[in-house]
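>>> Please find the sequence and the predicted model below.
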Amino acid sequence: MSYHLIPGSVKKFCLLLVLLVSVSGCGFKYSLSGAATTAKTIQVDLFYNNTDLGPANLGQNFTNKLKDYYQRNSSLKVVEENGELLIEGTLVQYAVAPLAPVAGTSAAQPSQAALTRLTIGVKANYVDTKNPKNSFKDKTFSFYADFPNDQNLISIQESLENKIFDQIFLDIFNATLANW
C-alpha cells in the first residue's frame, strides 16, 4: 500500500502521535491521574471551619482527607511547610435544606419534604511557585448529597460528608494540578 492511499485522518493521527512523543520530554510531569507539574511538594494548610452548622472537626477532617487525596492521586510529597505548591482555605457552607415537597394527606398533616440535601462549600486559595499563572484566590468549590427524609442526618452524616468531599477534592485537584 502506498503512502498516498492512507486516509487523511490516519495521517493526522500519526503526526499527532509523533508530536506528542517528541514533546513528552519537555520538562513537565504527567501522571495517569492527569496531574501536570514540575513541582515535587505540596503544602496543604488547615482548612478552617467557618460554618454555622458544620461539626467542630469538619475542617480538620477535610484537611486530612485532602492531603490523603493528593498523596494517592499524584507523585507530590505532602509537606508541612515550604511546599512548592500551597493550598489553603475555609469551609464556608454546611447547609441542610428540604427538597422534593410531598403534599400531606390531610389538613392536620402538613406538607413535608421527601428528600433533604446536605451542601458543603469551600473557598480555596492556591499558590503555584513553579508556575504562578496557575495560582488562584478565593475560588469556591461546593457539592451536595441528597438523602431520604426518613433517615436521620446524624446516622448518615459521615458517609454523606465523604461523598461530598470526594467530589470537592476532585474539583480542587483538577483546578490546581490539571488546570481545568
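Yep, that arrived. In this text, all values refer to a predicted model and were calculated from it rather than measured experimentally.

>>> can you list contacts of the top helix by length along the chain?
As assigned by DSSP state H, the longest helix anywhere in the chain is helix 153-176. By Cβ atoms under 8 Å, 6 or more residues apart in numbering, the list of residues contacting helix 153-176 from outside reads 33-35, 55, 58, 61-62, 65-66, 69-70, 73-74, 85, 87, 96, 116, 118-120, 122, 124, 126, 128, 134, 136, 139, 141-145, 147, 180. From N, CA and C alone the C-beta is placed, and that goes for glycine too.

>>> Strands of the protein, start to end?
Assigned by DSSP state E, the strands in the chain fall at 29-30, 36-37, 41-49, 77-79, 85-102, 112-128, 136-148.

>>> Including mean pLDDT, mean neighbour count and distance to residue 154, could those strands go into CSV?
Listed next are the strands of the chain as CSV, based on pLDDT from 0 to 100; neighbours: other Cβ atoms under 10 Å; distance: least, Cβ to Cβ, whole Å:
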stretch, mean pLDDT, mean neighbour count, distance to residue 154
strand 29-30, 40, 12, 43
strand 36-37, 75, 19, 40
strand 41-49, 97, 19, 18
strand 77-79, 97, 15, 31
strand 85-102, 92, 17, 11
strand 112-128, 93, 18, 12
strand 136-148, 97, 15, 11
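
>>> would you turn these into CSV with distance to residue 165?
Formatted as CSV, those follow (distance: least, Cβ to Cβ, whole Å):
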stretch, distance to residue 165
strand 29-30, 26
strand 36-37, 23
strand 41-49, 11
strand 77-79, 16
strand 85-102, 10
strand 112-128, 7
strand 136-148, 8
